[in-house]
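> Sequence plus predicted model, see below.
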Amino acid sequence: MALDINKIQKPMRKISKLLNKISNPPTPEEVHDLRTSSRKLEASVQALSLDSRGNERRVLKHVGRLRKRAGRVRDMDVLIGYASTIRVDGDDDCRVQLLAHLGAKRDKNANNLRAAMRQYAPRLRPRLKRSSVRAKKVLDGRSKPANAKPAPAEVAASVLQLSSDLASPKRLGRANLHPYRLKVKELRNLLQMADNSTQPALVDQLGEVKDAIGEWHDWEELIAVATDALDHKPICPLVSQLKRISNTKYEHALTLTENMRKKYLDTSKNQKKCALSARANGAAGPILAATQALAA
């Protein structure tokens with residue numbers, strides 16, 4: 001079996017555990033675990049075509065709502081961490097004011113997250129358990145969603161589609177770099193479902209790209225919050241410093257992303273031509289090799 005059932009079930013178990021007991025207020029580690037587990041659960045349920053079933057559709061609905069609330073808390077955790085590192089000579093008042101603003105938003109969002117978890121926990125825990133059992137049956141071949149291919153083939157097809165999507169657009173910039181990150185993250189989540197990764201370098205580089213784009217976007221969010229929260233005119237030295245840092249993070253993220261595209265994606269040809277070229281040369285590219293391993 002090319003897919004690892006433990007890697008697929010682990011996010012379900014982790015979410016159930018957090019629903020049973022989460023700190024008050026939730027710790028940054030708990031919030032991070034909830035968000036990453038939610039993303040992995042969504043990727044596996046959709047890749048295995050389990051989202052055609054009523055139980056799994058409700059799981060995705062509830063988990064998606066929790067993930068969004070956790071995302072708001074996580075944003076404040078990250079922004080507080082970044083704001084704490086900034087030092088601007090003669091303008092510490094702005095930093096203190098910004099940190100107080102972020103802290104208040106964190107408290108509010110954390111309370112909303114805990115309330116939502118209490119609301120969904122009684123219904124979501126048994127549904128997650130049923131999803132875990134159903135995923136194992138699908139991988140064992142004892143169950144098959146309607147009109148679906150065998151599980152490994154479904155995941156492999158999703159990997160090919162995502163790699164094709166990542167070959168476009170030809171130009172990346174500030175307007176589309178962050179949406180592009182979502183597909184990078186999704187592809188990485190799918191590749192990590194394999195029982196033994198045949199392309200660890202590809203998975204690692206996708207992770208680096210994901211993190212770099214995410215970090216740049218967080219600095220952009222911090223600029224937006226600071227601009228709205230601070231009344232320091234005509235020019236705020238703190239905001240100016242944030243913009244300089246953000247520009248540096250953007251250039252770094254864009255460079256990493258373009259290097260990944262050149263190494264693993266052919267942005268000038270479609271996916272079918274890439275696959276044919278790889279076979280003709282007798283050596284499949286890393287993405288094609290990973291796809292073949294998943295479908296084996």
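Thanks, I have the structure now.
> Is it correct that residue 178 is in contact with residue 215?
No: Residue 178 lies out of contact with residue 215 (C-beta atoms under 8 Å); the separation is 11.0 Å. Bear in mind the C-beta positions are built from the backbone N, C-alpha and C, glycine included.
> between those two, which one's more packed in?
With neighbours defined as other C-beta atoms under 10 Å, residue 178 and residue 215 compare such that residue 215 has more, 17 against 14.
> Does residue 89 belong to a helix, a strand or coil?
Following DSSP: H, G, I helix; E, B strand; the rest coil, residue 89 is assigned to coil.
> quick one: it and residue 169, what's the gap?
When C-beta to C-beta, to the nearest Å is the yardstick, residue 89 and residue 169 sit 42 Å from each other.
> When the two are compared, which one has more neighbours?
Between residue 89 and residue 169, counting by other C-beta under 10 Å, residue 169 is the more crowded of the two (10 against 6).
> Now the more buried one. Nearest residue, chain neighbours left out?
If you skip the residues right next to it in sequence, residue 169 has residue 176 as its closest partner in space, 6.3 Å away by C-beta to C-beta, 6 or more residues apart in numbering.
> tally of neighbours for that neighbour?
One way to gauge burial is a neighbour count; for residue 176, by other C-beta under 10 Å, it gives 11.
> what are the phi and psi angles of it?
For residue 176, the backbone dihedrals are phi -120, psi 0 (criterion: degrees, to the nearest 10).
> What separation do you get for it and residue 224?
Relative to residue 224, and taking C-beta to C-beta, residue 176 is found at 18 Å.
> Then residue 119?
30 Å.
> what does residue 234 give?
According to C-beta to C-beta, residue 234 and residue 224 sit 19 Å apart.
> now swap in residue 122 and tell me
37 Å.
> tell me the contacts of residue 11?
36-38, 40-41, 44 (C-beta atoms under 8 Å, 6 or more residues apart in numbering).
> which element is it on?
Under the criterion of DSSP states H and E, residue 11 resides in helix 5-20.
> Residue 248 now?
Assessed by DSSP H and E, residue 248 sits inside helix 237-264.
> chain center to that helix: distance?
Once both centres are worked out by C-alpha atoms, centre = their mean, to the nearest Å, helix 237-264 turns out to sit 19 Å from its chain's centre.
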